[in-house]
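*Asks:* Generate a structure from the sequence data that follows.
(one chain, ligands or ions: 1)
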Amino acid sequence: MTVYSHSRLSCFEQCPQKFKLQYIDKVETEEEQTVEAFLGIRVHESLEKLYRDLAHQKVNTLDELLAFFTDEWNTNWTDDIIIVRQEYQAENYLNMGRKYLTDYYQRYHPFKQGKTVALEELIRITLDAEGNYKLQGYIDRLTETQDGYYEIHDYKTNSRLPLADYIRSDRQLALYMIGVKNQYPDVKDVRLIWHFLKFDKEIDSTRTEQDLSQLKVDTIQLIERIENEERFEAHPGFLCEWCEYQSCCPQWSHLHMIKEKPANEYLKDSGVVLVNRYAEVKSAQKLANLQWDAELEKLEDALLSFAEKEHVEVVFGSKNKVRVSESEKYSFPSKNSKERGQLEKVLQKYGRLQEVSQLDTAALGKVLQEKQWEPEVLEALHKYIEVERKKRFYLSKIKE
Ligand code: SF4
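*Replies:* Numbering: from 1, shown residues only. Model prediction:
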């Protein structure tokens with residue numbers, strides 16, 4: 001089975017379609033880097049150098065550290081790096097990095113808080129006794145404060161301080177904690193430490209054995225869901241703006257296709273024609289004329305054919321767009337029917353009835369949609385359940 005990483009899991013949770021494009025189809029995109037990502041990399045490598053030199057009995061002065069950072073910045077900077085917030089220049093970000101490092105240096109100098117055990121270390125995490133579910137990741141810095149007491153340090157250059165809930169439930173460092181416990185047999189305790197460099201703040205947390213066991217169960221369930229996923233639905237949202245797969249994503253590819261056409265050809269695009277007419281008819285429909293209903297039906301059929309032919313989920317017009325979505329509706333045998341009783345028995349046989357609380361059909365529908373249970377159980381349920389697939393059309397205005 002694939003060896004997962006925290007970012008791979010997060011990608012699926014954010015948008016299954018993006019996960020498919022990135023990790024399954026392995027679509028190649030032009031490499032674009034934002035200034036925020038560039039700043040993060042340069043700060044990380046400067047702190048790595050600081051601790052690597054310390055391990056070689058060399059304490060950098062603050063000036064030396066800042067000179068290293070500035071040199072790396074200038075050597076690696078290219079004009080392709082994207083600055084989304086146009087009111088700022090590259091220099092502003094360079095100065096931010098210098099400030100982060102200065103605050104960090106002054107707070108921790110002479111850096112005797114613990115013995116550095118590893119820097120940018122690859123950590124392997126096994127979630128089950130059989131070794132079927134594995135993850136890996138890189139720890140920014142691992143230190144030992146006394147024999148067997150470890151700290152996992154993570155540097156953050158985020159522009160926002162996280163809420164307490166984030167720290168309590170953060171998955172990444174908790175997974176690394178499982179890896180450290182496996183990899184270093186003398187572990188007595190592990191602290192998780194986040195350095196929020198912009199705020200010159202250190203926040204720490206830990207996890208109990210019970211937390212880690214629950215995390216293993218939840219992560220295995222998520223991996224199972226990914227492995228059994230077939231639909232890879234797109235979850236469009238504000239992060240689409242930063243998504244490098246927009247031009248091949250079914251939510252946006254039609255827009256990218258028509259944007260490249262000259263104005264006169266763009267208006268002839270059959271998708272644009274259909275959406276423009278659909279918007280016209282929809283607004284005229286207020287007159288409740290049956291004639292419009294018939295035309296709407298035809299337009300919806302045509303939009304559906306267009307969406308299927310072009311493999312898109314959103315069709316764009318001049319001012320409007322239509323999202324064509326498919327939903328699944330499950331119908332279960334009615335209460336008190338013989339089939340309902342049989343369905344409950346099957347669930348009982350597999351010890352799953354409790355989970356859908358005396359056959360809560362909404363909960364069971366969710367389980368089926370997300371394929372949360374083993375294929376054998378899902379298969380056994382199928383003869384009791386009808387699946388109705390419905391196409392829906394959502395007309396909305398295109399934002400500027
Ligand atoms: S553009 Fe948005 S919806 Fe499409 S893959 Fe990227 S994140 Fe998902």
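*Asks:* Show me which positions of stretch 119-137 end up buried.
*Replies:* By 16 or more other CB atoms under 10 Å, the buried positions in stretch 119-137 come out as Leu119, Glu121, Ile123, Ile125, Thr126, Leu127, Tyr133, Lys134, Leu135, Gln136, Gly137. C-beta here means a position set from N, CA and C on the backbone, and glycine is covered the same way.
*Asks:* Using CSV, write out every CA atom in it.
*Replies:* C-alpha atoms of stretch 119-137 as CSV (Å, rounded to 0.1, in the frame of the first residue of the first chain):
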residue,chain,number,x,y,z
LEU,A,119,17.5,17.8,11.9
GLU,A,120,15.1,17.6,9.0
GLU,A,121,14.9,13.9,9.8
LEU,A,122,12.8,11.5,7.8
ILE,A,123,10.4,9.8,10.3
ARG,A,124,8.5,6.6,9.5
ILE,A,125,5.2,6.0,11.1
THR,A,126,3.5,2.6,11.2
LEU,A,127,-0.1,2.7,12.3
ASP,A,128,-1.0,-1.0,12.8
ALA,A,129,0.7,-4.1,14.1
GLU,A,130,0.9,-5.8,10.7
GLY,A,131,2.6,-2.8,9.1
ASN,A,132,0.0,-2.3,6.4
TYR,A,133,-0.7,1.4,7.0
LYS,A,134,2.4,3.6,6.8
LEU,A,135,3.2,7.2,6.7
GLN,A,136,6.3,9.3,6.6
GLY,A,137,7.3,12.9,7.1
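*Asks:* what's next to it, contact-wise?
*Replies:* 1, 3-6, 9, 48, 51-52, 55, 138-142, 172, 175-176, 178-180, 182-183, 216, 219-220, 223 (CB atoms under 8 Å, 6 or more residues apart in numbering).
*Asks:* Wasn't Val324 part of a strand?
*Replies:* Yes - checked against DSSP: H, G, I helix; E, B strand; the rest coil, Val324 lies within a strand.
*Asks:* beta partners of it?
*Replies:* Beta-bridge partners recorded for Val324 (DSSP bridges): Phe393.
*Asks:* Need phi/psi at the nearest residue in space to Ser5 that is not next to it in sequence.
*Replies:* Excluding the flanking residues, the one nearest Ser5 by CB to CB, 6 or more residues apart in numbering is Gly137, at 5.5 Å. Main-chain torsions, Gly137, degrees, to the nearest 10: phi -170, psi 180.
*Asks:* And for Val187?
*Replies:* Torsion angles, degrees, to the nearest 10, at Val187: phi -60, psi 130.
*Asks:* returning to that earlier point: separate out the buried members of the contacts of stretch 119-137.
*Replies:* Neighbour counting by 16+ other CB under 10 Å classes 4-6, 9, 51, 139-142, 172, 175-176, 178-180, 183, 216, 219, 223 among these as buried.
*Asks:* quick one on the thing from earlier: so which of the buried residues of stretch 119-137 sit within helices?
*Replies:* Among the buried residues of stretch 119-137, DSSP state H puts none in helices.
*Asks:* Columns pLDDT on top of the residues you listed, output as JSON lines?
*Replies:* Formatted as JSON lines, those follow (pLDDT from 0 to 100):
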{"residue": "Leu119", "pLDDT": "96"}
{"residue": "Glu121", "pLDDT": "91"}
{"residue": "Ile123", "pLDDT": "95"}
{"residue": "Ile125", "pLDDT": "96"}
{"residue": "Thr126", "pLDDT": "95"}
{"residue": "Leu127", "pLDDT": "96"}
{"residue": "Tyr133", "pLDDT": "96"}
{"residue": "Lys134", "pLDDT": "95"}
{"residue": "Leu135", "pLDDT": "97"}
{"residue": "Gln136", "pLDDT": "96"}
{"residue": "Gly137", "pLDDT": "96"}
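*Asks:* Which of the residues you listed sits closest to Asp293?
*Replies:* Nearest to Asp293 out of the buried residues of stretch 119-137 is Tyr133 (CB to CB; 52.2 Å).
*Asks:* Tell me how far the closest one lies from Met96.
*Replies:* Per CB to CB, to the nearest Å, Tyr133 is found 39 Å from Met96.
*Asks:* Glu224 now?
*Replies:* Glu224 sits 41 Å away from Met96, going by CB to CB.
*Asks:* Specify the residue ranges that define each domain of the chain.
*Replies:* Split into domains by automatic domain parsing, the chain comes to 31-111, 113-232, 250-314, 333-384.
*Asks:* Gln17 is nearest to which of these?
*Replies:* domain 113-232 (5.2 Å).
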